[in-house]
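Student: prediction below, plus the sequence it came from.
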Amino acid sequence: MSRASYEAGHLAGRDALGQELLQGTDRPLDPNAPLLEINDLVTDFPLKGFRAKPFRALKGVSLDIRAGECVGLVGESGSGKTTLGRAVLGLAPVTAGSIRLKGQEIGNISAAVRRRVGRDVQVVFQDPYTSLNPAMTIEAILAEPLLTRKVPKAEARERVAHLLEEVRLPADAMHRLPKEFSGGQRQRIAIARALALSPELIICDEPVSALDLSTQARVLDLFKEIQERTGVAYLFITHDLDVVRHVSHRVAVMWKGEIVESGDTAQVTRDPQHPYTQRLWMAAPVADPAKQKIRREERRELLAAQAEAGEATLAFAA
């Protein structure tokens, strides 16, 4: 078989898969089935250099999210959290494994089909300063995904006003530019943009890490209010353990491209079982200096005990 024939057949297969997905996403979801199901996901990134082995960012990750649920994904920088979210969005390669949305495979579909099914999965990025086009008004930013799907302008304008109301911003905000808003307000606008197409799942990639503590609390409360009102599901990626406790029903802990522990948020945060999860939780700072001193001593004792047991393959700085 020639290379051209192979590529033509491969693209035809992807388009057929995409058409199946387009037909399947409108079907009612089985209440007992996950909204999103990730099984044995592997993601490799090529490295420069002849014969260089690719870097394996995700190593057989499995995770599921049910409708209306918030699953927190926590881990240190470089653990693979964002890569997992990008793989769900189609922005990172799927080397092996599967990603299924409402029972339909979305891991390896063409870019054109991916755009057409993007209404079901949206994203809120980390930095509210760079995720909004500085040259567009808020009305243009929020209306863009609607207009690209042939929604009439009058209807899109009405939807924009409703979205601003949902995220607690005044209606006249639509006439202003992103630079005229604070960081917290910009993140509210980013949330409104993610809600524009009424998605069933939103990937939240460190959405409050760039905000001050008081603004973080208000934005997190907004996320919870929106979920209660709309039933949208979240994959909430963060390194902040307090954020996980505040918003998540379940939590998965990632380390070196693998999920090492998962379960109900209360169980995992109060009684972690994996040595890495124990170290991660013990590394979280405490606001009270006296309690922080006790926490630091407890962490040293934990690391010493794990080292003696042969479990400490990663040590945190004291």
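Tutor: Yep, it's here. Numbering: from 1, shown residues only.

Student: and the strands in the stretch 1-150 of the chain, which stretches?
Tutor: Shown for the stretch 1-150 of the chain, the strands assigned by DSSP state E, counting those that start in this stretch span residues 36-45, 55-65, 70-74, 96-101, 104-105, 121-124.

Student: give me the secondary structure label for the residue sitting nearest the centre point of the chain.
Tutor: Centrality entry for the chain: nearest residue to the mean C-alpha point is I203, 3.1 Å, by C-alpha atoms, centre = their mean. Here I203 is recorded as strand under DSSP: H, G, I helix; E, B strand; the rest coil.

Student: hang on, it packs against G90?
Tutor: No - look at I203 against G90 with C-beta atoms under 8 Å: they stay out of range, at 10.9 Å. Backbone N, C-alpha and C define where each C-beta goes, glycine included.

Student: which regions of the stretch 201-318 of the chain sit below the pLDDT cut-off?
Tutor: 311-318 (pLDDT under 70).

Student: strands along that one, start to end?
Tutor: Going by DSSP E, counting those that start in this stretch, the stretch 201-318 of the chain shows strands at 201-205, 233-238, 250-255, 258-264.

Student: can I get those strands in a markdown table including distance to L222?
Tutor: Putting the strands of the stretch 201-318 of the chain into a markdown table (distance: least, C-beta to C-beta, whole Å) gives the following:
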| stretch | distance to L222 |
| --- | --- |
| strand 201-205 | 12 |
| strand 233-238 | 12 |
| strand 250-255 | 20 |
| strand 258-264 | 24 |
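
Student: figure out which of those strands is closest to V117.
Tutor: Of all the strands of the stretch 201-318 of the chain, it is strand 201-205 that lies closest to V117, at 11.4 Å by C-beta to C-beta.

Student: the closest one packs against which elements?
Tutor: Helices and strands touching strand 201-205, by 3 or more C-beta pairs under 8 Å, 6 or more residues apart in numbering; DSSP states H and E, are helix 81-89, strand 121-124, strand 233-238.

Student: L101: which of these is closest?
Tutor: Closest among the helices and strands packed on strand 201-205, once you apply C-beta to C-beta, is strand 121-124, at 6.7 Å.

Student: roughly how far out does the closest one sit from the chain middle?
Tutor: Relative to its parent chain, strand 121-124 has a centroid offset of 7 Å by C-alpha atoms, centre = their mean, to the nearest Å.

Student: mind listing the strands it pairs with, and their directions?
Tutor: strand 201-205 (parallel) (DSSP bridges).

Student: tell me the angle of the partner strand relative to strand 70-74?
Tutor: 30 degrees (axes from the mean of the first three to the mean of the last three C-alpha atoms, to 10 degrees).

Student: how far off centre is strand 201-205?
Tutor: On the basis of C-alpha atoms, centre = their mean, strand 201-205 sits 4 Å off its chain's mean C-alpha point.

Student: please work out which residues outside it touch it.
Tutor: If you take C-beta atoms under 8 Å, 6 or more residues apart in numbering as the criterion, strand 201-205 is touched by 35-36, 65, 82, 85, 88-89, 101, 120-126, 194-195, 223, 232-238.

Student: helices of the stretch 101-250 of the chain, residue ranges please.
Tutor: For the stretch 101-250 of the chain, applying DSSP state H, counting those that start in this stretch gives helices covering 111-116, 138-147, 153-166, 183-195, 213-230, 241-247.

Student: and the ones you listed, which is most packed in?
Tutor: Compared across the helices of the stretch 101-250 of the chain, helix 183-195 shows the largest average neighbour count, a mean of 22 (mean count of other C-beta atoms under 10 Å).
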